[in-house]
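Enquirer: return a 3D structure for these sequence lines:
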Amino acid sequence: MKLFFRFLFLFLCTITWAQHQGAQEAELLMAKVLISKKKNDPTHKLNSYRYDAYENLKVSGDPEALTGPGYKKTELRKTLKKTGVFFAEKTSRHIYDHIEGYKEVIKGANMPGFDEPVYPIYNIDFQSENIYDEKYIIFDQEYISPLNEKSISLYNFQIVQDSIIAGRPVFKLRFSPREEKEPQLFSGLLYIDQQTYGVAKAVFEKEGNLYINAYHEFVYDEVFSLWFNSSRKLFVRQEKTIKELELFGARLEVGIENSTDEDQKVAEELYLIIEAVNSNFKTNKGLDYGRRGLKIEVQDSAIHQQKIYWEKYRGADAFSTTELAQFMNLDSIVDATKITRKLETLDKFKVGYFPVSVVDIDLKYLVKYNDYEAFRLGIGGQTNEKLSESFRINGYLAYGTKDDVLKHKIGIGYRISKEKNTWLNIYKQDDITEFAAESFLTDARVYSLFEPRLINIPTFYLYKEYGMSLQQRLFPSVISEVSLSRKRVSQTTNYQFIPDNEVFTDYVLAEVSLGARWSPVSEFMRTPKGYQEISRGYPILSGQITQGIKGFTESNFNYLKVSGKVEYAFNRPDKSSTELLLEGHYSAGEVPLTHLYHAYPNAPNKDEILQRFSVAGRRSFETMYFNEFFSDKLLVGQVKHHFAPFNIFSFLKPEMVLISKVAWGDLDNAQRHQNVAINTLEKGYFESGFELNKLLFGFGLSASYRYGAYHLPDFADNVAVKFTFYLEL
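Expert: Numbers count the residues shown, from 1 in each chain. Reported below is the predicted structural model:
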């Protein structure tokens with residue numbers, strides 16, 4: 001018996017030692033693969049390359065497995081309820097240049113049931129193209145690749161056996177997570193070339209929230225000793241849980257709530273299938289990159305490809321099953337459920353408009369409130385492409401219930417260039433605006449449905465203005481505007497401006513302004529409808545210069561104003577982020593107070609904390625009182641740190657944000673500005689606080705505290721407690 005146990009012990013030790021040796025051997029092999037990544041990754045080894053691809057997407061299964069508010073907005077549930085399938089296909093040329101970067105040129109685009117494709121779908125990263133990327137992406141979700149530099153510490157590796165692919169010997173290497181419950185890791189197989197240590201085939205598998213099977217096939221290029229990805233497939237089955245992803249420009253949640261009826265489970269499953277085939281590889285040659293600054297370009301002819309064009313790409317059994325054949329009925333179903341109309345509405349709502357026939361209603365003008373007008377009721381909008389693609393009329397009409405005065409604007413625009421979206425505009429405007437509120441021309445084209453700070457503003461001036469402007473997208477990453485205007489200003493207060501012993505209450509300003517906004521790291525897509533920013537990158541830089549011209553159209557003053565702004569954000573995989581903002585303004589010459597600068601104060605001039613309870617702004621100083629500080633030179637900095645949302649319930653995921661702000665300013669010739677109390681910011685203004693956002697229907701709470709040189713004697717005067725409101729479209 002003792003002999004038997006000794007033998008068993010030796011046997012187990014031998015097995016353990018063999019497994020240990022096997023694991024060491026597999027890790028050594030994997031280390032060689034990681035060391036050889038750059039010489040096997042085409043984006044590192046080659047200066048340029050290209051290939052052609054055909055890709056299709058099929059969504060099959062019970063549409064009740066697709067839920068979520070974004071999905072209901074587009075009524076795509078109704079479509080899949082009747083068809084049981086969604087289908088899209090495209091042909092593309094993929095181009096890589098080591099200077100310009102990666103680009104996809106879509107030559108054919110087909111989405112049955114729609115007059116033209118729903119373009120935002122092309123911005124979804126359904127499946128990683130490059131197997132050597134540190135992150136492997138499925139439906140815009142990042143996973144840690146087994147080819148990640150840290151993979152040896154995260155994965156177990158095991159050499160299974162040798163094999164042959166394309167006549168070349170390969171190692172078959174199995175991998176699995178060291179931590180079974182790690183959500184960002186896969187199991188699967190890597191086939192490694194025994195000579196180059198390049199990947200010759202890959203299989204990724206995952207169970208959990210999503211059941212995933214991903215495949216990559218490769219062909220070997222003898223000239224460059226490289227394996228090129230010849231095809232890839234992705235199969236996703238969603239059964240029980242909810243997974244958010246971005247489709248059709250709206251948020252979709254893929255999945256269903258837990259079901260106790262096993263008989264219904266199969267019917268409730270959702271399948272998503274992607275198949276892509278690559279061909280015509282060209283390497284290190286003079287490639288026509290086309291338009292610079294784009295990640296995706298949908299050619300104008302892509303949406304007009306005929307049936308015979310698609311048949312040569314589809315496999316013989318592409319639609320052999322009854323379920324997938326149903327997509328042929330999508331044209332009539334989509335038309336019957338008015339999905340195209342719903343998508344148009346959603347697309348324009350994101351930028352602040354609601355389409356009604358040939359007019360897009362501007363939602364920003366419907367209802368506002370401020371101290372001077374009380375409720376401001378209005379309607380505005382502009383004609384859309386259904387009336388004309390090269391001509392538009394825009395404007396608004398507003399009425400203040402307190403001042404009992406109508407305000408208006410009317411403008412006409414003519415598009416000079418469709419390619420660069422160049423518009424020449426002329427306009428006439430009669431309205432009010434806030435004292436010392438400098439704005440960037442290009443910021444007016446960044447939409448905000450709800451402007452909370454407007455509620456608190458107490459001091460305005462009246463103006464009658466006419467002018468002209470030229471708006472243009474110089475490059476995909478640069479929008480610009482130049483304007484020439486003449487403005488007659490009148491006061492609602494006792495303010496007087498005395499530049500040279502002459503007293504002005506009313507005055508005329510003539511200005512020429514040039515502004516630009518540059519997003520050098522953002523990614524852009526061009527479609528037959530124009531350019532779209534598909535991925536915002538940082539920094540974002542804005543600049544503006546304004547010259548006041550005395551004597552032109554009876555203008556009273558000469559002056560120069562220069563402004564600049566830099567925005568930066570660090571976004572992290574755990575959904576936390578940090579935002580930085582630095583904004584500066586400078587003026588010289590005869591500038592009245594109405595056109596100088598403040599630091600966006602947002603504290604009503606009232607004594608008690610609860611009396612100052614209102615709505616917090618986006619970049620305003622919540623503890624700074626209105627009209628407390630004015631500057632002709634101003635520098636503002638802001639840091640916001642967003643923690644990852646707290647996952648309390650499916651309907652309750654509040655977000656904590658820590659905020660610190662600082663402002664420095666100065667004012668020369670303060671004696672020019674009469675009948676107004678002026679303080680300056682040369683000692684530096686400091687404010688810190690927090691927000692707890694999205695507690696209920698987008699509303700949250702914030703608290704801020706004022707400290708430093710401008711700290712007030714009464715503690716309560718340094719505190720601001722307010723609502724926050726963040727609307728997600």
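
Enquirer: where along the protein do the helices fall?
Expert: Counting by DSSP state H, the chain forms helices over residues 2-35, 37-40, 42-45, 69-74, 76-83, 151-154, 262-268, 307-311, 322-325, 330-337, 339-349, given from the N-terminal end onward.

Enquirer: worst mean pLDDT among these?
Expert: Per-stretch averages of pLDDT across those put helix 69-74 at the bottom, with a mean of 36.

Enquirer: so what's residue 584 up against?
Expert: Under the criterion of Cβ atoms under 8 Å, 6 or more residues apart in numbering, the contact partners of residue 584 comprise 563, 564, 565, 634, 635, 636. Using the backbone N, CA and C atoms, a C-beta is placed for each residue, glycine as well.

Enquirer: okay, now residue 696: neighbour count?
Expert: Burial measure for residue 696: 9 neighbouring residues, criterion other Cβ atoms under 10 Å.

Enquirer: show me the shaky parts of the stretch 151-300 of the chain.
Expert: 209, 238-270, 285-286 (pLDDT under 70).

Enquirer: apologies, that question was intended for the stretch 601-729 of the chain.
Expert: In the prediction, the stretch 601-729 of the chain carries residues with pLDDT under 70 at positions 727-729.

Enquirer: if you look at the contacts of residue 584, which of them are in strands?
Expert: Filtering the contacts of residue 584 for membership in strands, criterion DSSP state E, returns 563, 564, 565, 634, 635, 636.

Enquirer: and residue 123, how far from residue 464?
Expert: With distances defined as Cβ to Cβ, to the nearest Å, the gap from residue 123 to residue 464 amounts to 43 Å.

Enquirer: of the two, give the one with the bigger neighbour count.
Expert: Higher neighbour count among residue 123 and residue 464: residue 123, with 17 against 14, using other Cβ under 10 Å.

Enquirer: the more buried one contacts residue 527, doesn't it?
Expert: No. In this structure residue 123 lies outside contact range of residue 527 using Cβ atoms under 8 Å: 10.4 Å.

Enquirer: circling back: so which of the contacts of residue 584 is the closest to residue 364?
Expert: Using Cβ to Cβ, the shortest approach to residue 364 within these belongs to residue 565, at 21.3 Å.

Enquirer: residue 464 versus the closest one, what's the distance?
Expert: Distance from residue 565 to residue 464, counting by Cβ to Cβ: 29 Å.

Enquirer: need the longest strand for this protein.
Expert: Scanning the chain for the longest strand, with DSSP E as the assignment, gives strand 460-475.

Enquirer: please state the offset of it from the chain centre?
Expert: The gap between where strand 460-475 is centred and where its chain is centred comes out at 27 Å by Cα atoms, centre = their mean, to the nearest Å.

Enquirer: identify each buried residue in stretch 425-434, please.
Expert: Using 16 or more other Cβ atoms under 10 Å as the burial criterion, the residues of stretch 425-434 that qualify are 425, 427, 429, 430, 431, 432, 433, 434.

Enquirer: same check on stretch 651-660?
Expert: Of the residues in stretch 651-660, those scored as buried under the neighbour-count criterion (16+ other Cβ under 10 Å) are 654, 655, 656, 657, 659.

Enquirer: would you turn those residues into TSV with distance to residue 32?
Expert: Putting those into TSV (distance: Cβ to Cβ, whole Å) gives the following:
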residue	distance to residue 32
654	48
655	44
656	45
657	46
659	49
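
Enquirer: which one of the residues you listed is nearest to residue 52?
Expert: Using Cβ to Cβ, residue 655 comes nearest to residue 52 of those, at 43.6 Å.

Enquirer: from residue 141, how far out is that closest one?
Expert: Counting by Cβ to Cβ, the gap between residue 655 and residue 141 amounts to 20 Å.

Enquirer: same question for residue 535.
Expert: Look at residue 535 and residue 141: by Cβ to Cβ, they are 15 Å apart.

Enquirer: which of these two has more residues huddled nearby?
Expert: In terms of neighbours (other Cβ under 10 Å), residue 141 is the more surrounded of residue 535 and residue 141; the figures are 18 against 13.

Enquirer: beta-bridge partners for that one, please?
Expert: Each beta-bridge partner of residue 141 is listed here: residue 138, as defined by DSSP bridges.

Enquirer: show the pLDDT at it.
Expert: Residue 141 is assigned a pLDDT of 80 by the prediction.

Enquirer: do the same with residue 60
Expert: On pLDDT, residue 60 comes in at 67.

Enquirer: so residue 365 sits right up against residue 395, yeah?
Expert: No. Applying Cβ under 8 Å, one finds residue 365 not in contact with residue 395, separated by 9.7 Å.

Enquirer: next, show the common contact partners of those two.
Expert: With contacts defined as Cβ under 8 Å, 6+ apart, the residues shared by residue 365 and residue 395 are residue 380.

Enquirer: for the contacts of residue 584, which one is nearest residue 29?
Expert: Set against residue 29, the nearest of the contacts of residue 584 by Cβ to Cβ is residue 565 (51.4 Å).

Enquirer: how far away is that closest one from residue 594?
Expert: In this view, residue 565 and residue 594 are 21 Å apart by Cβ to Cβ.

Enquirer: got it, and residue 24?
Expert: With distances taken as Cβ to Cβ, residue 24 is found 76 Å from residue 594.

Enquirer: so residue 492 touches residue 462, yeah?
Expert: Yes. Checked against Cβ under 8 Å, the pair residue 492 and residue 462 is within contact range at 6.3 Å.

Enquirer: and for residue 168, the neighbour number?
Expert: Neighbours of residue 168 (other Cβ under 10 Å): 16.

Enquirer: is it true that it touches residue 198?
Expert: No. In this structure, residue 168 sits apart from residue 198 without contact. The criterion is Cβ under 8 Å, and the distance is 9.7 Å.

Enquirer: show me where the stretch 351-500 of the chain has strands.
Expert: Along the stretch 351-500 of the chain, counting by DSSP state E, counting those that start in this stretch, strands occupy 353-356, 359-362, 367-370, 374-383, 391-400, 406-417, 422-434, 460-475, 478-491, 496-497.

Enquirer: could the ones you listed go into CSV alongside mean pLDDT?
Expert: CSV is the format used below for these (pLDDT from 0 to 100):
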stretch, mean pLDDT
strand 353-356, 84
strand 359-362, 89
strand 367-370, 84
strand 374-383, 92
strand 391-400, 95
strand 406-417, 95
strand 422-434, 95
strand 460-475, 94
strand 478-491, 96
strand 496-497, 95
